[in-house]
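[1] Show me the folded form of this:
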Amino acid sequence: TGADAVHWSRLYDPGARDRDERVQKALEDDGIAVGVHPGHLLFEPWTVENGLLTPTLKIKRHELEAHYGERIRAEICADCWKEWLQHQTLLINHYGLNVQDSNARTFLITNLKSFLFAEGPAGASIDTSKEGDVSW
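    The predicted structure is shown next:
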């Protein structure tokens, strides 16, 4: 087509991420500039003002679940959600997480955002040398 650049919005399910990486590499190998943009251009931080944290900076669990629940229902397919639930179980078991601990919940939310939305740092790996041993 003679295009010198291609731009698209990132899709967040694992299959789409793999495909997009292959397409991006092929285009770049052909000398075509690639711009991959997040589906959500605005990131809403967790703050007291938006109701996701208490005044003592603790997570408001129900509000956070509602906040991400809406986004998950809108953007994530049922099969992708099932994959996340399996991965979450692996993380909980592998790292011996106590889901009542706020640090463990933050760890899981960080991994959820990486796994489903490709946001933030790369998700935790399952390293069998650290089985059942995590320190915060």
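
[2] Next one: N111 relative to G51, how far apart?
    With distances taken as C-beta to C-beta, to the nearest Å, N111 is found 23 Å from G51. Just so you know, the C-beta spots here come from the backbone N, C-alpha and C atoms, and that holds for glycine as well.

[3] which one of these two has more residues nearby?
    Comparing N111 with G51 by other C-beta atoms under 10 Å, the one with more neighbours is N111, at 19 against 13.

[4] Does that one lie in a helix or a strand, and which?
    Secondary structure assignment for N111, by DSSP states H and E: helix 102-117.

[5] tell me which strands and helices the worst-scoring helix or strand of the chain on mean pLDDT is in contact with?
    When each helix and strand of the chain is scored by mean pLDDT, DSSP states H and E, helix 61-75 comes last, with a mean of 76. Under the contact definition 3 or more C-beta pairs under 8 Å, 6 or more residues apart in numbering; DSSP states H and E, helix 61-75 sits against helix 102-117.

[6] buried stuff in the helix it packs on?
    In terms of neighbour count (16 or more other C-beta atoms under 10 Å), helix 102-117 has its buried residues at A104, R105, F107, L108, I109, T110, N111, L112, K113, F115, L116, F117.

[7] Which pLDDT value goes with P14?
    Looking at P14, its pLDDT reads 65.

[8] Spell out the residue ranges of the helices in the chain.
    Under the criterion DSSP state H, the chain carries helices at the ranges 14-29, 61-75, 78-95, 102-117.

[9] Name the spans of the chain whose pLDDT lies under the cut-off.
    1, 10-14, 37-46, 127-136 (pLDDT under 70).

[10] and E63, how many residues sit next to it?
    15.

[11] so it makes contact with G51?
    Yes - at 5.4 Å, E63 and G51 qualify as touching, with contact defined as C-beta atoms under 8 Å.

[12] Please name the residues that touch the residue lying closest to L64 once chain neighbours are set aside.
    Closest residue to L64 apart from its sequence neighbours, by C-beta to C-beta, 6 or more residues apart in numbering: L52 at 5.5 Å. Counting by C-beta atoms under 8 Å, 6 or more residues apart in numbering, L52 makes contact with W46, I59, K60, E63, L64, H67.
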